[in-house]
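1. sequence below, structure please.
(one chain, ligands or ions: 1)
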Amino acid sequence: MNMHPKENDLSAVVEKDRVSVWHHLSQHKRYENSDPTVIIEGKGMRIWNAQGKEFLDAVSGGVWTVNVGYGRESIANAVRDQLVKMNFFAGSAGSIPGANYAAALLEKMPGLSRVYYSNSGSEANEKGFKMVRQIAHNKYGGKKYKILYRDRDYHGTTITCLSACGQPERKAQYGPYTDGFVEVPHCCEYRSQYGDVDDYGVRAANAIEEVILREGPDTIGALCLEPVTAGGGVITPPEGYWPRVQEICKKYDILLHIDEVVCGLGRTGTWFGYQQYDIKPDIVTMAKGVASGYAAISCTVTTEEVFESFKADPDDPMSYFRDISTFGGCTAGPAAALENMRIIENENLLENVTEMGEYLMERLNGLKDKHQIIGDVRGKGLFCGAELVVDRETKEPVHESVTQAVVANCLEQGVLIGATNRSLDGLNNTLCLSPALICTKADLDEIVTAIDNALTAVFG
Ligand SMILES: Cc1ncc(COP(=O)(O)O)c(C=O)c1O
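-> Below you'll find the predicted structure:
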């Protein structure tokens with residue numbers, strides 16, 4: 001196609017996108033008759049599309065990533081300076097930003113002592129799974145190889161990460177899966193499996209112990225959990241849950257792998273979500289908010305004990321961690337991550353998350369008082385969800401198309417919100433909010449007003 005765009009006319013770009021790009025999570029039939037979205041620019045909390053329309057972004061880049069907001073020149077400069085000095089060398093060697101970031105990160109994570117670099121959340125989790133499997137071989141004769149994951153949690157897109165996926169619609173049609181992954185029950189109190197009980201958190205944790213006993217404790221190497229379940233419906237852990245989970249892991253010598261891909265860094269008001277609940281993990285994985293999307297980086301962080309087990313027998317050429325991630329050697333990631341961390345500290349963004357998070361919850365609870373359709377509001381810091389139900393008594397979820405109608409109405413008003421989608425059979429009914437850590441009360445008012453209008457428009 002021969003097109004000569006005028007200055008600022010991006011229709012040719014949109015056309016190239018339509019005919020050339022295969023988008024994530026998208027049914028492309030609709031692009032035969034309508035334009036795909038192309039985002040051109042971002043500044044702070046706002047983005048602009050190819051048609052020049054402005055949106056307030058309440059989901060930090062669609063998938064809770066751009067924690068420090070758009071258009072950060074200091075991060076771009078840090079990355080540029082690093083790239084012209086030294087852009088890449090295989091991760092078997094070190095780099096200045098790699099060393100500096102690992103040390104700075106570990107200062108925020110007492111009890112943990114080693115950082116392994118790669119470049120996506122899925123990959124970071126795969127590294128964790130590989131560590132567990134190799135520890136099983138090196139220490140337990142291959143026996144302690146099973147990895148537990150939780151119903152409704154998500155850990156990534158590869159076949160093995162999908163083997164550890166508690167979201168049936170995410171994993172459907174991509175099997176067969178990797179052996180040795182076993183599901184434990186969810187801990188969403190609003191959807192209690194035990195009726196209306198006072199000790200829901202302890203019961204939900206005890207349900208994990210039941211699975212361990214059923215499978216045989218000597219076969220279980222690790223338990224992998226999100227501190228707050230993200231795409232599975234923004235599920236905050238119930239009272240009493242984490243202390244009991246920790247106790248169970250200790251009792252059966254099971255490593256606790258915490259997936260901080262969404263909660264790290266800063267999303268809940270502490271550097272990591274696990275720090276809200278006094279959890280002592282053995283392995284922590286992180287990606288999205290590490291460099292706020294300015295560069296691709298992920299980290300698998302471990303205790304010294306986990307690390308040490310890979311150097312216990314230097315005479316065995318097979319016993320060290322024989323993993324490689326080519327782009328784990330890119331220096332742009334840690335250079336961006338260092339500046340990202342400096343911004344969070346210098347601008348007191350953790351404090352802002354706590355304050356703004358409380359305000360957002362208050363405003364969402366106000367919406368719940370007004371709209372019967374909201375069955376439950378939950379969240380921690382600037383990570384909130386509102387579950388939509390047809391009837392508060394029966395808790396019957398609204399259909400996914402209805403949830404999407406609310407999202408679409410907000411979009412028309414210029415506010416980008418998220419929702420659980422193609423994740424859980426019949427339960428894609430939670431609106432999700434994860435605005436950047438820099439947001440103000442005025443931003444949150446605009447977001448809540450848009451949702452209020454959308455709920456009125458869709459449900460009356
Ligand atoms: C909790 C969690 N873990 C892991 C991942 C996978 O990260 P990535 O898409 O960078 O591979 C995601 C992505 O949404 C996630 O939400």
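
2. what sits against R378?
-> With contact taken as Cβ atoms under 8 Å, 6 or more residues apart in numbering, R378 is in contact with Y190, V234, I235, T236, C384, G385, E387. From N, CA and C alone the C-beta is placed, and that goes for glycine too.

3. brain fart, M286
-> Residues near M286 by Cβ under 8 Å, 6+ apart: G121, A124, E260, V261, G264, L265, F272, S298, C299, V301.

4. of the residues you listed, which belong to strands?
-> S298, C299, V301 (DSSP state E).

5. out of these, which are buried?
-> S298, C299, V301 (16 or more other Cβ atoms under 10 Å).

6. between those, which sits nearest the ligand?
-> Nearest to the ligand among these is S298, at 6.6 Å by Cβ to the nearest ligand atom.

7. quick check, the closest one in contact with V290.
-> Yes. Under the criterion of Cβ atoms under 8 Å, S298 makes contact with V290 at 6.8 Å.

8. what sits against the closest residue to the ligand within the stretch 251-400 of the chain?
-> As assessed by Cβ to the nearest ligand atom, the ligand sits closest to V261 within the stretch 251-400 of the chain, at 3.4 Å. V261 sits next to G121, A124, N125, H155, G156, E226, A230, T285, M286, A287, K288, S298 when contact means Cβ under 8 Å, 6+ apart.

9. ok, 7 Å please
-> Each residue near V261 by Cβ atoms under 7 Å, 6 or more residues apart in numbering is listed here: G121, T285, M286, A287, K288.

10. before we move on, the earlier item: so which of the buried ones among the ones in strands among the contacts of M286 comes closest to E247?
-> The nearest member of these to E247, counting by Cβ to Cβ, is V301 at 22.6 Å.

11. quick check: closest non-adjacent residue to the residue of the stretch 251-400 of the chain closest to the ligand.
-> G121 (3.6 Å; Cβ to Cβ, 6 or more residues apart in numbering).

12. got a list of what that neighbour touches?
-> G121 neighbours (Cβ under 7 Å, 6+ apart): G156, V261, T285, A287, K288, S298.

13. which stretches of the stretch 301-450 of the chain form strands?
-> Under the criterion DSSP state E, counting those that start in this stretch, strands of the stretch 301-450 of the chain are mapped to 374-379, 384-391, 396-397, 415-416, 418-419, 430-433.

14. what do you get for the stretch 101-250 of the chain?
-> 114-118, 146-150, 181-184, 220-225.

15. take these and write them to a markdown table, including mean pLDDT and distance to the ligand.
-> Converted to a markdown table, the strands of the stretch 101-250 of the chain look like this (pLDDT from 0 to 100; distance: least, Cβ to the nearest ligand atom, whole Å):
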| stretch | mean pLDDT | distance to the ligand |
| --- | --- | --- |
| strand 114-118 | 98 | 10 |
| strand 146-150 | 98 | 11 |
| strand 181-184 | 98 | 15 |
| strand 220-225 | 98 | 10 |
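
16. make JSON lines out of these and add distance to N33.
-> As requested, the strands of the stretch 101-250 of the chain are exported to JSON lines (distance: least, Cβ to Cβ, whole Å):
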{"stretch": "strand 114-118", "distance to N33": "40"}
{"stretch": "strand 146-150", "distance to N33": "40"}
{"stretch": "strand 181-184", "distance to N33": "40"}
{"stretch": "strand 220-225", "distance to N33": "42"}
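
17. could I get those strands as a markdown table with mean neighbour count?
-> Putting the strands of the stretch 101-250 of the chain into a markdown table (neighbours: other Cβ atoms under 10 Å) gives the following:
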| stretch | mean neighbour count |
| --- | --- |
| strand 114-118 | 23 |
| strand 146-150 | 25 |
| strand 181-184 | 19 |
| strand 220-225 | 26 |
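
18. good, we can wrap up now.
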